[in-house]
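Peer 1: here is a sequence with its predicted model. Questions after.
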Amino acid sequence: MSPDFFNLRHPEAFQWLWLAIPLIALFAADLRRRRRVLEIFVSKSLLDDVSPYRSTQRQVVRFAVILVGLALLVTALARPRWDPEEIEVEEQGRNLLFCLDVSASMRARDVDPDRLRASKAAIRQLVDTLPAGDQVGLLVYAGDAVVKCPLTPNFSHFMSVLDVVAYDAVSVAGTNLGRAIDKAIHEVFGRSDVVADPEPESATQPAIGRTVMDDERTGEAEAIFDHMVIFTDGENHEGHAKEMAKLASQSNISVFIVGIGSEAGATIPIERDGTTTTLRFGDEEVITRLDSQTLASIVLDDTGGVRHGGYLPAKTAAVDLREIYDEKIAPMGKRASQRRRTVWQEKFQLFAGAGMLLLIVASLISEQQPRRRKGVLA
């Protein structure tokens, strides 16, 4: 049958049909066991006299009805549906691209269990609560940037991609935040190729560890539908991150940076020959520190105000992205779009009803032949 007409929502449910094999084997073994028990106490020549109404055939028929009933119930679990209809629906939502720093410094364990896994946990917690209509994507970066998951409304797929992200997700070493923002602008959000104006050298620098958000700037807020949420410790950034953040602002893309790690610093654990050691430069251990001042300056404009977005120094505390989403991202607006969707008519009720009916019928089938009534003599 054409998949354009007939569809199964959960075809994996048919894996339960494999249980029919052990059930058949158990039924056959039970039949043999019953016959052997009778043969122990009664000779074969007397079986028909001792148990004249026994019927192996009726037992087989009863078991076959039970199997068919169970098969129909499994089919109902697979959610059969047909008679599709194309309809147009209006969806409203926002695009959120999560950018994860996967450089070596994100291995530091000054955040439990480490900087990268703590960042992933914060993202997972937010996506679990996002409303329908929002789209999420994932970009990872170190010395280069790689789009792991384009923008999608499929949160389950996004989560599966996020779960497998590790430190080796980008083969080029380094921390090129500018490249990550540039790739997000052009490849994920599809903006035209424009060049950001250079920042004046007199741009105001934020105080170390200060939270800066776009409600600190004046002027009427613009409707923003596309957002970047970047997790990083801010160390050794290459590229022109500030210029790229300005380009994002000019393209109506907000940039939120979450600084993770301690400003006091921590060592970087690495695995070598099956043992855990720390990254060293020469004879000294490498210490990685959160660079809040650099990260906050990336989202500031030449007047010291925030463009679109902000900087949150999470440091070693648990990050609650829901607060940023509710108070900063959601008020920026949401995009309305028309989408065509296929609506299928669910028919699992037919199979479930037929399956239950067969199980009831099976319970009424006797395993013995009906007794014949003898005639009454006058």
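Peer 2: Received the coordinates, thanks.

Peer 1: now do the contacts for the nearest residue to residue 172 once chain neighbours are set aside.
Peer 2: Distances taken as CB to CB, 6 or more residues apart in numbering place residue 143 nearest to residue 172, at 3.4 Å, with adjacent residues excluded. (Glycine included, C-beta is placed from N, CA and C.) Contact partners of residue 143, counting by CB atoms under 8 Å, 6 or more residues apart in numbering, are 103, 170, 172-176, 238.

Peer 1: what residues are up against residue 161?
Peer 2: Contact analysis of residue 161 by CB under 8 Å, 6+ apart lists 138, 148-149.

Peer 1: where does residue 116 sit: helix, strand or coil?
Peer 2: Here residue 116 is helix, with the state taken from DSSP: H, G, I helix; E, B strand; the rest coil.

Peer 1: for the remainder of this discussion, apply numbering that starts at 747.
Peer 2: In the new numbering, first residue 747, that becomes residue 862.

Peer 1: skip the chain neighbours and tell me the closest residue to it.
Peer 2: Using CB to CB, 6+ apart and skipping the chain neighbours, the partner closest in space to residue 862 is residue 852 (4.2 Å).

Peer 1: re the thing from before, assign the residue nearest to residue 918 to helix, strand or coil.
Peer 2: coil.

Peer 1: again, but for the one 4 residues further on
Peer 2: Put simply, residue 893 is strand when judged by three-state DSSP.

Peer 1: shouldn't it be in contact with residue 936?
Peer 2: No: in this structure, residue 893 is not within contact of residue 936 by CB atoms under 8 Å, at 12.0 Å.

Peer 1: could I get the contacts of residue 907 as TSV with pLDDT, neighbour count and distance to residue 809?
Peer 2: TSV is the format used below for these (pLDDT from 0 to 100; neighbours: other CB atoms under 10 Å; distance: CB to CB, whole Å):
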residue	pLDDT	neighbour count	distance to residue 809
884	97	25	51
894	95	18	51
895	95	21	49
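
Peer 1: in TSV, list those along with distance to residue 804.
Peer 2: Formatted as TSV, the contacts of residue 907 follow (distance: CB to CB, whole Å):
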residue	distance to residue 804
884	60
894	60
895	58
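
Peer 1: returning to what we had before: of residue 893 and residue 936, who's got more company?
Peer 2: Using other CB atoms under 10 Å as the criterion, residue 893 and residue 936 rank with residue 893 on top: 18 against 10.

Peer 1: identify the residues contacting the more buried one.
Peer 2: 883-885, 929, 933-934.

Peer 1: pull out the buried members of these.
Peer 2: Buried by 16 or more other CB atoms under 10 Å: 883-885, 929, 934, out of the contacts of residue 893.

Peer 1: low-confidence bits of the stretch 897-1046 of the chain, can you list those?
Peer 2: 938-958, 960-968, 982-985 (pLDDT under 70).

Peer 1: any idea how far the residue nearest to residue 931 when sequence neighbours are not counted is from residue 990?
Peer 2: Spatial nearest neighbour of residue 931, excluding adjacent residues (CB to CB, 6+ apart): residue 937 at 5.0 Å. Distance of residue 937 to residue 990, given as CB to CB, to the nearest Å: 11 Å.
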